[in-house]
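Participant: Using only what follows, build the 3D model:
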Amino acid sequence: MVKHAGGVLLPALKVEPDAVTPITIQLAGALRDLVLSGDLQPGERLPSTRTLAEDIGVSRTTVVNVYEQLATEGIIESRVGAGAFVSEALELRRPIQVDQPNSKKRNSGLRPRLANLSTDASAQYSPRLPHPEHALPFTTGIPAFDAFPMAQWARLSAEVLRQPRDDILRYPDSNGLMALREAIAIHLRANRGVNCTPDEVFIFNGAQDAFNRIGVTLLDPGDEVWFENPGTIGARNSLITCGARLVPVPVDEEGISVEEGQRLAPDFRLAFVTPAHQHPLGVTMSLKRRFKLLRAAERAGAWIVEDDYVGEFHYSGRPPPTLKSVDEGGRVIYVGSFSKSLFPALRLGYLVAPPKLTDTFRRIGSATVQGAPTHLQSVVARFIQEGHFAAHIRRMRKIYAERKDALIDAAARHLDGMLIVNPTNTGFHTNARLAPEFEEVEVAQRASERRIVITPISRFCIVPASQKGLILGFSAIPPATIEAGVKSVARVFQDLRG
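Facilitator: I've put the predicted structure just below:
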């Protein structure tokens, strides 16, 4: 940097007189960044207050105030009769440059040293599915925001926020608000056949948080975990974070293949399954397969995590029973969430622990978990207790059934065998089979260029699976948008054929 009698030249230093941020704060921040980034070196002389004020067109008083502030912070130092200089003490704070002795970049290019567990996990993570700001055809896993009873929710929220401040603002119970745990237990007994007590229910900041807690509580690094292949990405990443060695177990029309799981890892420590609506294939685990899985877990002394992420949304006949409801050996940890039944920003999930694990979860949670916001738990508890939740579920079943039918009907009319959308009776998405001439990844990429979100089944696989095709969500978009989306997909196929 060229020096002159007035100190270094600072041509890049600018302030915006019309900005909302005061000029003093702008100037102090800009000078601080120049020093801490290394653009101004320790011991380097700054322009005089008069010179800098003239250079950037501000009052000298402003520059004096900024210099005084930075001197108080130890960023610069004043020397009588000589002027202001970058503090020499900053030389001690500057990171050592390895193999880059002349670099002044903020980032030295060195990778941070991570714990071995984090390093191993990072290499195995799969990117989460995109959740665009506005639901696009055919985004998966998003409820119908347009049908949420916002006025009802606002009324309950206002009532809760009028409670005594201590009830709202204090640290929440790490295991969950008892009123919500009681409401969940009643709902599960009546609607999902899960016979549990409130003491067996634990509240988390979403299902993902619950999966993490299960992993750190029950798994040692290297423990073998049966995991559906293809299977859900979020839970996979959570268990990888805990050091689990995932064993990809194939899925057929009855659910996870217990025989193949026993062949691959007979001494498994945990199995993760989605019995009601296998994610992503959508099959429902048969009762016969459920009993096989329970017997395998009993023999191995293993636990089973049942992710019932959309169990409430069944569109034909009675919903299938939960795995938890037929578990007589106390091996199943049931996990649910309000992200699909209410809305994802709520970040509330829960697990139902077997009786033999309740004391463990309570003790560890009390020592390490901060808990979910009390007022949100209170609103959800009232929403359930006053019957709004059950009414909401019934209404949403009708809406999602209509959207599901719209997707299947539009596909039959416009896709002409190029993409055969399979019917489903549960969940927020379905899968589709491609004509042999098309490749799933290429179709998905071409569709994304038209702002259409369809996901290849291979995206959910740990190892290649026999199933090929695409996943299409229908819950978040109304029938008219579904129709337009299917027409766009048809144009993708026409372009590929052309």
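
Participant: which residues in the stretch 151-300 of the chain form helices?
Facilitator: Taking DSSP state H, counting those that start in this stretch to define them, one finds helices in the stretch 151-300 of the chain at 165-169, 178-191, 207-218, 233-241, 258-264, 287-300.

Participant: which stretches of the stretch 51-200 of the chain have low pLDDT?
Facilitator: For the stretch 51-200 of the chain, the stretches with pLDDT under 70 are 92-111, 130.

Participant: Please repeat the previous calculation with a cut-off of 80.
Facilitator: Along the stretch 51-200 of the chain, segments meeting pLDDT under 80 span 80-81, 89-134.

Participant: try the stretch 201-350 of the chain
Facilitator: Across the stretch 201-350 of the chain (using pLDDT under 80), the flagged ranges come out as 317-320.

Participant: Following the record's annotation, map out the domains of the chain.
Facilitator: 3-93, 147-390, 395-497 (automatic domain parsing).

Participant: Out of the helices of the stretch 151-300 of the chain, which gets nearest to Leu156?
Facilitator: Among the helices of the stretch 151-300 of the chain, the nearest to Leu156 by CB to CB is helix 178-191 (12.7 Å). For glycine as for every other residue, the C-beta is placed from the backbone atoms N, C-alpha and C.

Participant: centre of the chain versus that closest one, how much separation?
Facilitator: Centre-to-centre, helix 178-191 and its host chain are 25 Å apart (CA atoms, centre = their mean, to the nearest Å).

Participant: Check which helices and strands it is in contact with.
Facilitator: strand 201-204, strand 332-337, strand 349-352, helix 374-385, helix 388-414 (3 or more CB pairs under 8 Å, 6 or more residues apart in numbering; DSSP states H and E).

Participant: coming back round to it: the helices of the stretch 151-300 of the chain: which one's closest to Phe145?
Facilitator: helix 207-218 (19.1 Å).

Participant: which strand of this protein spans the most residues?
Facilitator: strand 245-252 (DSSP state E).

Participant: before we move on, the earlier item: what I need now is the helices of the stretch 151-300 of the chain written out in JSON lines, including mean neighbour count and distance to Gly311 for each item.
Facilitator: Output for these, formatted as JSON lines (neighbours: other CB atoms under 10 Å; distance: least, CB to CB, whole Å):
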{"stretch": "helix 165-169", "mean neighbour count": "10", "distance to Gly311": "31"}
{"stretch": "helix 178-191", "mean neighbour count": "19", "distance to Gly311": "9"}
{"stretch": "helix 207-218", "mean neighbour count": "21", "distance to Gly311": "12"}
{"stretch": "helix 233-241", "mean neighbour count": "21", "distance to Gly311": "15"}
{"stretch": "helix 258-264", "mean neighbour count": "16", "distance to Gly311": "21"}
{"stretch": "helix 287-300", "mean neighbour count": "18", "distance to Gly311": "14"}
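
Participant: right, so of those, which gets closest to Ile142?
Facilitator: Once these are compared by CB to CB, helix 233-241 is nearest, at 13.9 Å.

Participant: what packs against the closest one?
Facilitator: Counting contacts by 3+ CB pairs under 8 Å, 6+ apart, helix 233-241 is packed against helix 116-122, helix 207-218, strand 224-229, strand 245-252, strand 270-273.

Participant: Of the ones you listed, which is nearest Leu27?
Facilitator: Closest among the helices and strands packed on helix 233-241, once you apply CB to CB, is helix 116-122, at 39.9 Å.

Participant: Roughly how far does Gly57 sit from Arg263?
Facilitator: Remark: distance between Gly57 and Arg263 (CB to CB, to the nearest Å) = 77 Å.

Participant: What of Ala82?
Facilitator: Separation of Ala82 from Arg263 (CB to CB) stands at 80 Å.

Participant: again with Pro221
Facilitator: Distance from Pro221 to Arg263, by CB to CB: 24 Å.

Participant: same question, Gly330
Facilitator: Here Gly330 is placed at a distance of 26 Å from Arg263 (CB to CB).

Participant: What residues of stretch 17-27 count as buried?
Facilitator: For stretch 17-27, a neighbour-count test (16 or more other CB atoms under 10 Å) marks 23-24, 26-27 as buried.

Participant: And for stretch 450-467?
Facilitator: 452-462, 465, 467.

Participant: So what's the gap between stretch 458-472 and the chain middle?
Facilitator: On CA atoms, centre = their mean, the centre of stretch 458-472 falls 21 Å from that of its chain.

Participant: Kindly check the end-to-end length of that stretch for me.
Facilitator: Taking CA to CA, to the nearest Å, the first and last residues of stretch 458-472 lie 14 Å apart.

Participant: so for it, what's the average pLDDT?
Facilitator: Computed over stretch 458-472, the mean pLDDT rounds to 94.

Participant: residues making contact with that stretch?
Facilitator: Stretch 458-472 is contacted by residues 126, 129, 138, 140, 227, 229-233, 236, 246, 248, 250-251, 279-281, 407, 419, 421, 429-434, 440-441, 443-444, 454-457 when judged by CB atoms under 8 Å, 6 or more residues apart in numbering.

Participant: quick one, helices of the stretch 1-150 of the chain?
Facilitator: 23-36, 49-56, 60-72, 90-93, 116-122, 150-161.

Participant: Figure out which of these is closest to Leu342.
Facilitator: helix 150-161 (8.4 Å).

Participant: Please point out which parts of the closest one sit buried.
Facilitator: 153, 156-157, 160.

Participant: so how far is stretch 474-485 from its chain's centroid?
Facilitator: 24 Å.

Participant: you'd agree Ala271 is up against Asp223?
Facilitator: No: in this structure Ala271 lies outside contact range of Asp223 using CB atoms under 8 Å: 11.7 Å.

Participant: returning to what we had before: turn the helices of the stretch 151-300 of the chain into TSV, including distance to Tyr309.
Facilitator: Formatted as TSV, these follow (distance: least, CB to CB, whole Å):
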stretch	distance to Tyr309
helix 165-169	29
helix 178-191	14
helix 207-218	7
helix 233-241	9
helix 258-264	21
helix 287-300	17
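
Participant: Nearest approach to Pro42 belongs to which of those?
Facilitator: helix 233-241 (40.9 Å).

Participant: tell me how far that closest one is from the chain's mean position?
Facilitator: Helix 233-241 sits 11 Å away from the centroid of its parent chain (CA atoms, centre = their mean).

Participant: Next, the angle from that helix to strand 245-252.
Facilitator: 150 degrees (axes from the mean of the first three to the mean of the last three CA atoms, to 10 degrees).

Participant: returning to what we had before: just the ones in strands from the buried residues of stretch 450-467, please.
Facilitator: Per DSSP E, those map to strands at 455-456.

Participant: and the two most separated of the buried residues of stretch 450-467?
Facilitator: Going by CB to CB, the pair spanning the buried residues of stretch 450-467 furthest: Ile452 and Ile462, at 26.2 Å.
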